[in-house]
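J.: pasting the sequence and the predicted model now:
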Amino acid sequence: TRSRALWQLLRQHLHAGLCTLRARGSLLSGSRQRLLSPALLTALGQRCPQLQCLSLAETDLRRIPYESIPASLSTLELRRCEIPAAWFRRSGASPGALQHLLIHHVPAFSDQHLLAACSQHRLKTLSLWGAYRLTEPGMQRAAPYLEELQRLELRGCGAGDATVDSIGCHMKRLRVLEIVACPVSSRGLGSLKALQHLEMLCLELGEKVSPGAVIALGQALPQLRDLRVVGALLGAEVMDKIRVDLSHCSSCPSSALASIPRLLP
């Protein structure tokens with residue numbers, strides 16, 4: 001089985017200096033085989049004390065307690081995984097070591113998960129794609145715990161103007177911000193003018209967000225050096241105006257979301 005193969009790999013090949021581990025399960029294939037177990041993760045943490053990044057794809061974690069995740073991790077990436085309701089909660093009083101959290105198309109990820117992750121870790125990077133269970137009130141409750149956040153990706157997770165207001169109020173250390181496929185309006189963008197350290201911004205132009213609002217925002221951000229825009233309203237005339245009015249930064253259209261650089265190191 002996959003789990004048995006991973007045990008063999010751990011015993012024979014993984015060494016104490018391992019920093020990054022990437023693994024893919026069989027969740028999407030319909031197989032009932034489980035890639036990970038609490039015992040395997042505990043052994044991984046003991047054998048590889050320097051493990052910093054764990055990247056899991058298509059993995060069923062519903063029987064894995066969060067306490068089994070190696071305490072040394074600074075980066076956790078979950079893509080198309082299943083997680084239990086109580087994940088991201090820690091028993092210790094001190095913040096966990098996790099600094100970079102990537103959640104891509106994890107169906108169960110909810111307001112409770114977000115609040116637990118943000119309140120019990122000092123996150124510097126948060127990437128949320130397709131987190132359709134998240135609500136505006138839930139994201140607003142988590143925002144005060146993200147004052148140290150430097151990079152934020154929101155794609156298709158329901159973040160609207162109220163969430164953007166919270167970003168501007170609490171996340172003033174942001175250097176990189178991406179908001180795509182979210183119900184944000186031109187009015188909401190005004191709150192982002194408080195992000196005076198922002199260097200890279202990616203926004204979607206649509207019916208609710210006008211080029212003029214993007215230009216006004218860019219002009220209010222002195223550190224902005226890279227502006228990327230996506231959406232149906234893009235055209236040569238629109239981009240030319242943005243480039244002229246925001247001459248202090250590089251502006252370019254992004255026709256495909258894949259062209260936007262990853263935020264995690």
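T.: Cool, got the structure.
J.: so Glu82 versus Tyr66, what's the distance?
T.: 14 Å (Cβ to Cβ, to the nearest Å). Every residue, glycine included, has its C-beta placed from N, CA and C.
J.: how far off centre is stretch 7-17?
T.: Offset of stretch 7-17 from its chain centre (Cα atoms, centre = their mean, to the nearest Å): 29 Å.
J.: that stretch: which residues count as buried?
T.: 7, 10, 14 (16 or more other Cβ atoms under 10 Å).
J.: shouldn't the second one be in contact with Gly45?
T.: What it means is Leu10. No. Under the criterion of Cβ atoms under 8 Å, Leu10 makes no contact with Gly45, lying 10.8 Å away.
J.: you'd agree Val127 is in a strand?
T.: One thing to correct before we go on: residue 127 is Ser, not Val. Yes. Counting by DSSP: H, G, I helix; E, B strand; the rest coil, Ser127 is found in a strand.
J.: could you give the bridge partners of it?
T.: Leu102, Glu153 (DSSP bridges).
J.: before we move on, back to that, just the ones of the buried residues of stretch 7-17 in strands?
T.: Nothing among the buried residues of stretch 7-17 maps onto strands, per DSSP state E.
J.: okay if I get those as JSON lines plus pLDDT and distance to Ile242?
T.: Putting these into JSON lines (pLDDT from 0 to 100; distance: Cβ to Cβ, whole Å) gives the following:
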{"residue": "Trp7", "pLDDT": "79", "distance to Ile242": "54"}
{"residue": "Leu10", "pLDDT": "79", "distance to Ile242": "51"}
{"residue": "Leu14", "pLDDT": "79", "distance to Ile242": "49"}
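J.: pick the one among these closest to Gly212.
T.: Leu14 (54.1 Å; Cβ to Cβ).
J.: now the nearest residue to the closest one once chain neighbours are set aside. Its backbone dihedrals?
T.: Take Leu14 and drop its neighbours on the chain: the residue closest to it by Cβ to Cβ, 6 or more residues apart in numbering is Cys48, 5.8 Å away. The phi and psi torsions at Cys48 (degrees, to the nearest 10) take the values phi -120, psi 70.
J.: please state the offset of the one helix or strand Leu217 maps to from the chain centre?
T.: Using DSSP states H and E, Leu217 sits in helix 211-219. Centroid separation between helix 211-219 and its chain, computed with Cα atoms, centre = their mean, is 25 Å.
J.: contacts for that helix?
T.: Contact with helix 211-219 is made by 186, 189-190, 192-193, 201, 203, 205, 224, 227, 229, 233, 238, 241-242, 245-246, 249, as judged by Cβ atoms under 8 Å, 6 or more residues apart in numbering.
J.: circling back to that earlier point, quick one: contacts for the residue nearest to Leu14?
T.: Cys48 neighbours (Cβ under 8 Å, 6+ apart): 14-18, 21, 70, 72.
J.: mind doing that once more with 10 Å?
T.: Contact partners of Cys48, counting by Cβ atoms under 10 Å, 6 or more residues apart in numbering, are 10, 14-21, 54, 70, 72.
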